[in-house]
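Asks: How does the following fold in three dimensions:
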Amino acid sequence: MPDSACLNCGASLSGPFCAQCGQRAVPPHPTTKELAGDAYDELVGWDGTFARTIRLLLTRPGELTAAVIGGQRARHVGSVRLYLMCSVVFFLVQASVPPPNIDGSFGIGAGFGAGRAASQTPGERALGKAIQRGAASLTAEERVELSRVIDAQPRLLRPTLRAIAEDYGGVARRVSETIPRVLFVLIPVLAAVLSLFYRGRHYPEHLYFALHFGSFVFVVLLLENLVGFTRSVPAIGAAQFVGALVIVAYGVVAQRRVYGGSWLATSAKALGVAAVYGSLWSASVLAVTLWTSRGR
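Replies: Residues are numbered from 1 along each chain as shown. The predicted structure is shown next:
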């Protein structure tokens, strides 16, 4: 052993790990090799903890939550750490996804939409061009058409549409920087929603479920973002549709495994949870988009 006392807490060492604080028996002045080993252990785990946790999360809906609630916590990556790792990877990838090719279709909602390029209005084509090539690429005529179509939208959306047209990349970056914090705050909200449908369980149990379900959602959204590199609107739409079905199915199976009950009762409760939390999620994302578009 490098030393007879733990360099972290000072307790006597009787093995390769400190019995008091858990730190490995290591010498001072870490080397590059040790740093690389620590990074590997954090991401993968020398005992396969990370791989086992991800495999259980993805292939056995709800079983990770049931295991953690049942006391098997040292065998798996911490729930908060797992959520943060999945969310960080997702947002890193999302930040690098190019905007879709809007030659096929484009929609912004609230009365503004476009189908094929041939059926788009001049203002809609101008907005698509501004998003893909920048506002500086617009001609004077296109700017007039763009202003006209934006002015036709509800007052609440106009500043956001103008910001998107002028600096799509900046708006996307600010949204990406803000959304992670908002979604993390929504985790206890999801736990609270679950507690309304599943009474008689301790609130921390709902928190574990919310963290694990959120981690899975980020993995699905990550895969959807990888499809985004094709820049194909139909492919992106198909990926989002399939992803939504997978998330819903996963949620039903996970809730039944963790909370029990019949398939019919679980499906009904899952639908209720999805309706309440989905509304809060959508409202939060919309609020962040509207707010950050004004923060230039």
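Asks: Could I get the average pLDDT for stretch 76-85?
Replies: Computed over stretch 76-85, the mean pLDDT rounds to 90.
Asks: Need the contact partners of that stretch.
Replies: With contact meaning C-beta atoms under 8 Å, 6 or more residues apart in numbering, stretch 76-85 is reached by 45, 49-50, 52-53, 56-57, 64, 67-68, 184, 187, 207-208, 211-212, 214-215, 218. (Each C-beta comes from the backbone N, C-alpha and C, glycine too.)
Asks: switch to 7 Å and redo it
Replies: For stretch 76-85, the surrounding residues in contact (C-beta atoms under 7 Å, 6 or more residues apart in numbering) are 49-50, 52-53, 64, 67-68, 208, 211-212, 214-215.
Asks: cool, and stretch 126-133?
Replies: 99, 102, 106, 137-138, 142, 145-146, 149, 164-165, 168.
Asks: Assumed Ala235 was part of a helix.
Replies: Yes: per DSSP: H, G, I helix; E, B strand; the rest coil, Ala235 lies within a helix segment.
Asks: What sits closest to it if chain neighbours are left out?
Replies: Val227 (5.5 Å; C-beta to C-beta, 6 or more residues apart in numbering).
Asks: can you list the contacts of stretch 76-85 in TSV and add distance to Arg158 and pLDDT?
Replies: Converted to TSV, the contacts of stretch 76-85 look like this (distance: C-beta to C-beta, whole Å; pLDDT from 0 to 100):
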residue	distance to Arg158	pLDDT
Thr49	50	80
Phe50	46	82
Arg52	51	86
Thr53	46	91
Leu64	45	94
Ala67	50	92
Val68	47	92
Tyr208	43	95
Leu211	38	95
His212	40	96
Gly214	33	93
Ser215	37	94
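Asks: can you give me the strands in the protein?
Replies: Counting by DSSP state E, the chain has strands at residues 106-109, 112-114.
Asks: returning to that earlier point: quick one: the residue nearest to Ala235 and Pro100, what's the gap?
Replies: 10 Å (C-beta to C-beta, to the nearest Å).
Asks: tell me, what's touching the two both at once?
Replies: Counting by C-beta under 7 Å, 6+ apart, the common neighbours of Val227 and Pro100 are Ile236.
Asks: When those two are compared, which one has more neighbours?
Replies: Taking neighbours as other C-beta atoms under 10 Å, Val227 and Pro100 compare with Pro100 leading, 21 against 18.
Asks: okay but Gly62 is in contact with Val252, surely?
Replies: No: Gly62 lies out of contact with Val252 (C-beta atoms under 7 Å); the separation is 9.6 Å.
Asks: Show me how this structure divides into domains.
Replies: As assigned by automatic domain parsing, the chain contains the domains 1-30, 54-97+172-291, 106-166.
Asks: Take those and write them to TSV, including distance to Ala36.
Replies: TSV is the format used below for these (distance: least, C-beta to C-beta, whole Å):
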stretch	distance to Ala36
domain 1-30	10
domain 54-97+172-291	18
domain 106-166	41
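Asks: ranges for the helices of the stretch 1-150 of the chain?
Replies: For the stretch 1-150 of the chain, the helices defined by DSSP state H, counting those that start in this stretch cover 32-43, 49-59, 63-69, 79-96, 122-133, 140-151.
Asks: pLDDT below threshold where in the stretch 1-150 of the chain?
Replies: Across the stretch 1-150 of the chain, the ranges flagged by pLDDT under 70 are 1-3, 30, 35, 37-48, 102-120.
Asks: please redo it, this time with the cut-off set to 90
Replies: Scanning the stretch 1-150 of the chain for pLDDT under 90 picks out 1-52, 70-78, 88, 90-150.
Asks: Chain neighbours aside, what residue packs nearest to the spatially most central residue of the chain?
Replies: Among the residues of the chain, Phe218 comes closest to the average C-alpha position under C-alpha atoms, centre = their mean, at 3.9 Å. The shortest distance from Phe218 to any residue other than its chain neighbours is 4.0 Å, reached at Cys86 (C-beta to C-beta, 6+ apart).
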